[in-house]
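**Student:** Give me a 3D structure for the following:
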Amino acid sequence: MNGSLLAAAAGLLSVLLWLASRRRPAPLLATTSTAAVAALNRAQLSLVQQQPELPQSVVGADLLPLPPRGDARQRRVFLAQLQAQLAGDQPQRLAAIRQARRWGDPAALPLLRRGLRDVDLQVCAEAACAVARFRGRTPSVASASGATASPAQLPLPRNVARTR
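**Tutor:** The predicted model follows:
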């Protein structure tokens, strides 16, 4: 027998032994009870679908008086109160975001952005509604001369101007 033929037979034998000794993965459904998985899914869905009821004290009584437009000191105090509420539990955070939404001042934007990252979905939804009024272009855009310009008078962006 030729030496190369003997080496090929030994290589083939080693490959067959290696394939036979490999561990075969067990089928997924053979090891997992589908009834247990279905019960777990139903339990998790029931936890997600439960809507917690807010106490009446949170809905209307915790509203802070809004500061006047021109008083900077009262605005700082109001923002400090909102930040303190935002550090509390879920009803307090929701009340703080509702207050900031009702106030509608751009100074509350950092609080509203914090509310967007909150773990509670109600707080996030309220913060998203409150931030929506600040999206887009500001109402008055100052031109080079210092006067406000209408959106029709604004120059086109550089990439649009090049395509014409």
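
**Student:** Name the helix or strand for residue 43, please.
**Tutor:** According to DSSP states H and E, residue 43 maps onto helix 34-49.

**Student:** tell me the average confidence for that helix?
**Tutor:** Taken as a whole, helix 34-49 has a mean pLDDT of 81.

**Student:** Buried ones in it, by neighbour count?
**Tutor:** Within helix 34-49, no residue counts as buried by 16 or more other CB atoms under 10 Å. All C-beta spots, glycine's among them, are computed from the backbone N, C-alpha and C.

**Student:** so how far is that helix from its chain's centroid?
**Tutor:** 24 Å (CA atoms, centre = their mean, to the nearest Å).

**Student:** What sits closest to the spatially most central residue of the chain if chain neighbours are left out?
**Tutor:** For the chain, the residue nearest the mean C-alpha position is residue 117 (5.4 Å; CA atoms, centre = their mean). Nearest non-adjacent residue to residue 117, counting by CB to CB, 6 or more residues apart in numbering: residue 124, 7.8 Å away.

**Student:** Confirm residue 99 sits in a helix?
**Tutor:** Yes: applying DSSP: H, G, I helix; E, B strand; the rest coil, one finds residue 99 inside a helix.

**Student:** pretty sure it is touching residue 86, no?
**Tutor:** No: at 9.8 Å, residue 99 does not count as touching residue 86 under the criterion of CB atoms under 8 Å.

**Student:** Where do the strands of the protein begin and end?
**Tutor:** Using DSSP state E, the strands of the chain run over residues 141-142, 148-149.

**Student:** lowest-confidence stretch among these?
**Tutor:** strand 141-142 - the lowest mean pLDDT of the strands of the chain, at a mean of 46.

**Student:** what's near enough to touch the spatially closest residue to residue 128 that is not a sequence neighbour?
**Tutor:** If the residues on either side of it in the chain are set aside, residue 128 comes closest to residue 116, at 6.3 Å by CB to CB, 6+ apart. Residue 116 sits next to 124, 127, 128, 131 when contact means CB atoms under 8 Å, 6 or more residues apart in numbering.
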